[in-house]
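A.B. asks: A structural model of the following input is requested.
(one chain, ligands or ions: 1)
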Amino acid sequence: MDTMLETSQLTKTYRNQRGIRNISLRLNAGDVYGLLGPNGAGKTTFLKLVTGLIRPDEGKITLFRQDLIDHFEAGMQHVGCMIESADFHDFITAGQYLKMVGRYYPDVTEHRITQVLEAVGLISVRNDKIKHYSTGMKQKLALAAAILPNPKLVILDEPTNGLDIDGMVMFRRIIQQLSEVHGTTFLISSHMIHELEQLCNRVGVIVEGQLIREGDVRDLLAGGQSLEQFYIHELESRKGEKSVV
Ligand SMILES: Nc1ncnc2c1ncn2[C@@H]1O[C@H](COP(=O)(O)OP(=O)(O)OP(=O)(O)O)[C@@H](O)[C@H]1O
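C.D. replies: The predicted structure is shown next:
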């Protein structure tokens, strides 16, 4: 099976001693992988590391089987990402913004820009300045930018933050369609556990900077366990282990 992203013993410690420790994780082509974990567990840190936004202290990251740092630009051509709250220039329009993003990729056409704006439901406001957008609309625009170049791998940090119910349904449909029709691989961090249950084939649980468990969603569901039950059980076991110590 083709490996899209692999980390080995990935460690990042901030000055306050927080961060992540020894995370080894592999994403195969076609995976829709959900990262779960409590606030402050280290999910965003992990996503920032694998998108090159910060450098690890230790460990290795390979993207499409090549070292991320040595082949950063070539690798990132095939990655779309949305990390933390989207930050935009307020005085440009959604259409102009996507045109700007499109310049970083070889073949983003005007037609493709229209296509993604339609997909995320922003076509009617494409000529409005971003400063007039709501939080959810900005989130949709960030998703549009992430999928714009038809990436092989899409990395999303809390993508449904601020989305209304329609927006969440739209988000789920886009991911399912890209995954099923184009075989796009996804790595998604979210607290929306029911969304993840519907979308993901695999999940990993990060607690206090460590990947404590991975699971195959189909197996969990077939065993009569919901993703929420699996997650709560993992957190409770972790607390139990700590209280014994
Ligand atoms: N730039 C930074 N400097 C110092 N500490 C940081 C920095 N960024 C994150 N941290 C700390 O590292 C830990 C992991 O943070 P991170 O943002 O990765 O967690 P998270 O799992 O994404 O949390 P949430 O679900 O709340 O978004 C937290 O304790 C956080 O306070």
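A.B. asks: C-alpha from now on. contacts and neighbour counts both.
C.D. replies: Noted.
A.B. asks: in the chain, which spans are strands?
C.D. replies: All strands of the chain, identified by DSSP state E, fall at 3-13, 19-28, 32-36, 58-63, 66-67, 79-82, 153-157, 185-189, 202-207, 210-216.
A.B. asks: got those strands as CSV, with distance to the ligand columns?
C.D. replies: Formatted as CSV, these follow (distance: least, CA to the nearest ligand atom, whole Å):
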stretch, distance to the ligand
strand 3-13, 8
strand 19-28, 4
strand 32-36, 8
strand 58-63, 16
strand 66-67, 22
strand 79-82, 13
strand 153-157, 8
strand 185-189, 8
strand 202-207, 7
strand 210-216, 10
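A.B. asks: what about Val125, how many neighbours?
C.D. replies: For Val125, the neighbour count with other CA atoms under 10 Å is 16.
A.B. asks: Next one: the most centrally placed residue in the chain from Leu221, what distance?
C.D. replies: The centroid of the chain falls nearest to Leu156 when counting by CA atoms, centre = their mean (2.0 Å). According to CA to CA, to the nearest Å, Leu156 and Leu221 sit 24 Å apart.
A.B. asks: Those residues of the chain touching the ligand, which are they?
C.D. replies: By CA under 6 Å from any ligand atom, the part of the chain that sits against the ligand consists of 14, 16, 18-19, 37-45.
A.B. asks: According to the record, where do the domains of this structure fall?
C.D. replies: Taking automatic domain parsing as the reference, the chain has its domains at 3-78+151-244, 86-150.
A.B. asks: From what I see, Ala119 and Ile174 are in contact.
C.D. replies: Yes. At 7.3 Å, Ala119 counts as touching Ile174 under the criterion of CA atoms under 8 Å.
A.B. asks: one step back: can you redo the domains of the chain as a markdown table with mean pLDDT?
C.D. replies: Listed next are these as a markdown table, based on pLDDT from 0 to 100:
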| stretch | mean pLDDT |
| --- | --- |
| domain 3-78+151-244 | 92 |
| domain 86-150 | 91 |
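A.B. asks: Skipping its backbone neighbours, what lies nearest His89 in space?
C.D. replies: Spatial nearest neighbour of His89, chain neighbours left out: Ile130 (7.3 Å); criterion: CA to CA, 6 or more residues apart in numbering.
A.B. asks: Could you count how many residues lie near the one you found?
C.D. replies: Number of residues near Ile130 (other CA under 10 Å) recorded here: 22.
A.B. asks: what about stretch 172-179, distance to the chain center?
C.D. replies: Taking the mean of its C-alpha atoms, stretch 172-179 sits 13 Å from the chain's own mean (CA atoms, centre = their mean, to the nearest Å).
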